[in-house]
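Colleague: got a predicted structure here, sequence first:
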Amino acid sequence: MAGADIKSVLRVFVLTALCVGVWFLAKYGYARPQVLGPDAPATQFSEARAYATLGRLLGAERPHPVSSDENAAVRARIVAEFSKLGIKASTYTAFTCNAWRGFAFVPCATVSDIIAEILPGPGRAVVLLAHYDSVPAGPGASDDESGVATVLETARALRAQNTKSLHPVIAVITDGEEAGLLGANAFLENAALRARVGAVVNVEARGTQGRSLLFQTSPKDSALIDLYSRAVQFYSTSSLFAEIYKRLPNDTDLTLFLKQGVPAYNFAFSDNVADYHTPLDLRRNLSHLTLQEQGDNMLAMATTLAATPFDRLHGHAEVYQDLFGYVLPRIPAGWAAPLAAAALLLMLFTAFRARDIGSRQWVRAALMPPVLIVACAAMGWLLHALAQWISGQPDPSYAYPIALREGLTLGMIAAVVLVARMAESRSALFAVWIWFSALALITAIFVPGLSPYFLFPSLLAALAAAARLAAPERAKLWPFALPALLALVVWIGLVAAGESLMGLKLHPLFTVPAAFAAMTLVPFLDAPAMSRNAWAGCVGFALGAALIATGIAGIQPAYSRTKAQRLSIRYVEDRAAHNAWWVLDAYAPLPISLRAAAAFAPQPAPVVQGPFPNTYNAPAGTPRFAPPSAQILQDAVFPNARRISVAIKGSDKTDTMLVVVPKSAGLRHFDFRNEHLDVPKDFASDMTLLCNSRDCRDLDLALTVANHTPFKLIVLEERFGLPRFAAKLVSARPNNAIPSQSGDVTLLATSLDVSAAKPTR
Ligand SMILES: [Zn+2]
């Protein structure tokens, strides 16, 4: 190999090492606080005290979904913890329905919230918010009993600080969050309680580890971000997370509080999502560091909010992004577009002055950045598809992500070196930064939260360009090293965060940000100066290594004992069809041991009518339990409508009652206890009512429908857990599979035929 070749291959190595180094810093090098022990000063948040509180709250770590006996036990323990601190706590019980996400699924339940008076004061209160219910499948140690323990330790520290508060500080510990934000909904439906809310700090979990991320604030958050930057020691936030979160099918109680227009902060941790909503959400799996961070954040914000007049919390929209937790660069969102436009103009002018624009070389250079993005995304798609094909699993790197992560990284090195030859380094430099500042402008207008990722590096690049204008003969490439480094930090930070949120299954969240990071390094790679052999050798070697790593990813098992396949077992009886079924999730192929235990159909299919996903089903004999009863009490027919009153009764083992009203009925509104819900005019699909508390076993419902045609009402009684004769199937579930969400359940179906309307005389 010639000396020049060695030098250019070395450049590929050094730049790759730089990217990998930044990734390690982003993943493990963040500023994190000290975990405080049991003897920490009383005015501080001590993780050890909070962890001990969490242990007392959880007791035997049993699931405690809304309305269960264990739910009542946990509630009593929380009230006792507050009174141990000398804080008066009361409960508020109400029945509520919440159609905040449309009418395809409408959850309802009787819920009991806990309201505790932490500090007295005049006017509206600072609300410390967390939920104490868990999903039926798991004990919810992180989600969100850790939040309750955080509120309790914060409350203790606040009272120990003994400072005078401008506002009352109260804790609202909600019930039924997992069932559909029902505790928060009941609280906010009560005008007197709603009127107490002045500002909110919510603590949540979507995993068991990781940083306590400020991932959502109320809109026009400049004043809130300002307070946060002064109150908190280490930062973990970005205006991008709120943009992403808006687009995810996830919600917390804060969604409903934000609708009230109050200033609010939402903190959550989200690493190790494998344990989330499963029996593995245990206290021992909660990271001590995470709990300390979550507590530091809540105490800092509670202390600051208590001392700040609420009218000072309103400002303008801000865009921001922390760097490794130490600094929090931020600007008003309104400045992003003009600054981006200025950077773009300066970049174009510099390129023009360098006589770069207009040459044929320039066209190829201008195309390099988009080609690079497409090449990296395509490489990700290809390698992920290969790993899927080898393993036969939809998410082959779920349990062991390292091999596929290496594969994707090597594949992207191949793609970057391949594409980098399109442009010599000076043209590439201008092309990259013109694209970056143009994207800063576009995102500033359409996705402002994302704009810092383009804008902040572009501003540094604009300074570099200005330096180049001032001294054209001296400043060439190196002034652009700093903006490139900043681009690496922000974009590779996103690569790491994206993977911990979504896994490599969502590989574009890995490859596209990585491509933006790599793009700024292309001018330094100077690939056109490489010999053909060195260039082709680098591409070929990286691609070969990528294929080997991806092959290993495909051969490794997709699931493990700690990163288990989500596989709840349902026993479903349909008395009308004289059938009983074993029903299993069909996201991933069924484990062989389960196929051996019952005669599951090869393809997923629906088992009962309604808007439910297809499942793997096996016959389970004939029905053995009495189904719920359903009868029509009243049927009043009007020219354009029909009002049908239905009485539904389940057994005393009912945990949830589901009622499916088919689209053909033309549902307009329904009345259910104290709730009257109007179905929007444009709603045209089946509506499933999920009544989530045990009192739903006795359910009177009045449906007003538009059509006079006959239809069938499906009613399902749900009991948590399986009948005894399911033991064989449960023991066939391998130890790398685990129930999640509602867990293993028994469903008893019945249907009620509503005949065509006869006009009343
Ligand atoms: Zn939660």
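Modeller: Received, thanks.
Colleague: for residue 21, the count of nearby residues, please.
Modeller: 13 (other CB atoms under 10 Å). Where C-beta positions appear, they are placed from N, C-alpha and C, glycine not excepted.
Colleague: ok, now the one 3 residues further on?
Modeller: When neighbours are counted by other CB under 10 Å, residue 24 registers 11.
Colleague: in contact with it, which residues are there?
Modeller: Contacts for residue 24 (CB atoms under 8 Å, 6 or more residues apart in numbering) come out as none.
Colleague: let's see 10 Å
Modeller: 492, 496 (CB atoms under 10 Å, 6 or more residues apart in numbering).
Colleague: just residue 523 next, same as before
Modeller: 365, 368, 420, 423-433, 476-477, 480-481, 484.
Colleague: can you tell me which of the residues you listed are buried?
Modeller: Buried members of those, counted by 16 or more other CB atoms under 10 Å: 365, 368, 420, 423-433, 480, 484.
Colleague: for the ion, state which of those residues is nearest.
Modeller: residue 484 (39.4 Å; CB to the ion).
Colleague: hmm, the closest one is touching residue 516, no?
Modeller: No. Counting by CB atoms under 10 Å, residue 484 stays clear of residue 516, with 11.1 Å between them.
Colleague: need the residues touching each of the two.
Modeller: 432, 457.
Colleague: pLDDT weak spots in the chain?
Modeller: 1, 356-358, 472-475, 610, 759-761 (pLDDT under 70).
Colleague: apply 50 and report the result again.
Modeller: Across the chain, residues meeting the criterion (pLDDT under 50) sit at 475, 761.
Colleague: what residues does it put near the ion?
Modeller: 143, 144, 204 (CB under 5 Å from the ion).
Colleague: tally up the residues packed near the first one, please.
Modeller: Other residues near residue 143 number 27, with proximity taken as other CB under 10 Å.
Colleague: just give the nearest non-adjacent residue to it, would you?
Modeller: residue 205 (4.1 Å; CB to CB, 6 or more residues apart in numbering).
Colleague: name the next helix or strand downstream of the helix or strand hosting residue 14, please.
Modeller: If you go by DSSP states H and E, residue 14 is part of helix 3-28. As assigned by DSSP H and E, the chain's next helix or strand after helix 3-28 is helix 47-58.
Colleague: just checking, next helix/strand downstream of that following helix?
Modeller: helix 69-84.
Colleague: now that following helix: buried residues?
Modeller: So for helix 69-84, counting by 16+ other CB under 10 Å, buried means 70, 71, 74, 75, 77, 78, 79, 81, 82.
Colleague: tell me, what residue is most central in this structure?
Modeller: Taking CA atoms, centre = their mean, the centroid of the chain lies closest to residue 250, which sits 5.6 Å from it.
Colleague: OK, contacts around it?
Modeller: 204, 206, 244, 268, 270.
Colleague: pretty sure it sits in a strand.
Modeller: No. The assignment for residue 250, made by DSSP: H, G, I helix; E, B strand; the rest coil, is coil rather than a strand.
Colleague: against residue 588, how distant is the closest residue to residue 96 other than its chain neighbours?
Modeller: Counting by CB to CB, 6+ apart, the nearest residue to residue 96 once its immediate chain neighbours are dropped is residue 186, at 4.1 Å. According to CB to CB, to the nearest Å, residue 186 and residue 588 sit 37 Å apart.
Colleague: try residue 201
Modeller: 38 Å.
Colleague: sec struct for whatever residue of the stretch 451-600 of the chain ends up closest to the ion, please.
Modeller: In the stretch 451-600 of the chain, no residue comes nearer to the ion than residue 501, which is 15.4 Å away by CB to the ion. Following three-state DSSP, we place residue 501 in the helix state.
Colleague: i'd like the first residue to be 98 from this point on
Modeller: Let's use 98 as the start, then, which means that last one is residue 598.
Colleague: I'd guessed it sits against residue 368; true?
Modeller: Yes. Checked against CB under 10 Å, the pair residue 598 and residue 368 is within contact range at 8.7 Å.
Colleague: who's in contact with whatever residue of the stretch 398-547 of the chain ends up closest to the ion?
Modeller: Relative to the ion, the nearest point of the stretch 398-547 of the chain is residue 398 (18.7 Å; CB to the ion). Applying CB under 10 Å, 6+ apart, we find residue 398 in contact with 223, 225, 251, 296-298, 300, 311, 321, 324-325, 328-329, 362, 364.
Colleague: quick check: it vs residue 334, distance?
Modeller: Residue 398 is 12 Å from residue 334, by CB to CB.
Colleague: give me the common contacts of these two.
Modeller: Joint contacts of residue 398 and residue 334 (CB under 10 Å, 6+ apart) are 311, 325, 362, 364.
Colleague: pick the one among those closest to the ion.
Modeller: Proximity of the shared contacts of residue 398 and residue 334 to the ion (CB to the ion) peaks at residue 364, which lies at 12.0 Å.
Colleague: element containing the closest one?
Modeller: strand 361-366.
Colleague: chain center to the helix or strand hosting residue 458, what's the gap?
Modeller: If you go by DSSP H and E, residue 458 is part of helix 457-488. How far helix 457-488 lies from its chain's middle: 27 Å, per CA atoms, centre = their mean, to the nearest Å.
Colleague: and the closest residue to residue 483 other than its chain neighbours, what does it touch?
Modeller: Distances taken as CB to CB, 6+ apart put residue 647 closest to residue 483, at 5.2 Å, once the chain neighbours are dropped. Shown in contact with residue 647 (CB under 10 Å, 6+ apart): 479-484, 487, 493-494, 500-501, 503-505, 507-508.
Colleague: hmm, 8 Å instead?
Modeller: Listed by CB under 8 Å, 6+ apart, the contact partners of residue 647 are 480, 483, 484, 487, 500, 501, 504, 508.
Colleague: if we can go back for a sec, tally of neighbours for the residue of the stretch 548-697 of the chain closest to the ion?
Modeller: Neighbourhood size, residue 598 [other CB under 10 Å]: 21.
Colleague: again with the one 10 residues further on
Modeller: Residue 608 is surrounded by 27 other residues when neighbours are defined as other CB under 10 Å.
Colleague: regarding it, what is its secondary structure?
Modeller: helix.
Colleague: how close does it sit to residue 751?
Modeller: Distance from residue 608 to residue 751, by CB to CB: 48 Å.
Colleague: same question for residue 275.
Modeller: 18 Å.
Colleague: and residue 363, by the same measure?
Modeller: Following CB to CB, the distance that separates residue 363 from residue 751 is 34 Å.
Colleague: same deal with residue 188?
Modeller: Counting by CB to CB, the gap from residue 188 to residue 751 is 23 Å.
Colleague: more neighbours, these two?
Modeller: Between residue 188 and residue 751, counting by other CB under 10 Å, residue 751 is the more crowded of the two (22 against 16).
Colleague: next up, phi/psi of the more buried one, please.
Modeller: For residue 751, the backbone dihedrals (degrees, to the nearest 10) come out as phi -60, psi 130.
Colleague: so out of everything in the stretch 348-497 of the chain, what residue is nearest the ion?
Modeller: Counting by CB to the ion, the stretch 348-497 of the chain gets nearest the ion through residue 349, at 6.3 Å.
Colleague: ok, that residue - how many residues close by?
Modeller: If you count neighbours by other CB under 10 Å, residue 349 ends up with 27.
Colleague: can you verify my assumption that it contacts residue 361?
Modeller: No. Between residue 349 and residue 361 there is no contact under CB atoms under 8 Å: 10.5 Å.
Colleague: give me the phi and psi for the closest residue to the ion within the stretch 698-847 of the chain.
Modeller: As assessed by CB to the ion, the ion sits closest to residue 838 within the stretch 698-847 of the chain, at 12.1 Å. In this entry, residue 838 is assigned phi and psi values of phi 60, psi -110 (degrees, to the nearest 10).
Colleague: overlap of the contact sets of residue 349 and residue 361?
Modeller: Taking CB under 8 Å, 6+ apart as the contact rule, residue 349 and residue 361 both touch 299, 313.
Colleague: the residue of the stretch 248-397 of the chain found nearest the ion pairs with what?
Modeller: Closest residue of the stretch 248-397 of the chain to the ion, CB to the ion: residue 301 (5.0 Å). Beta-bridge pairing for residue 301 (DSSP bridges): residue 365.
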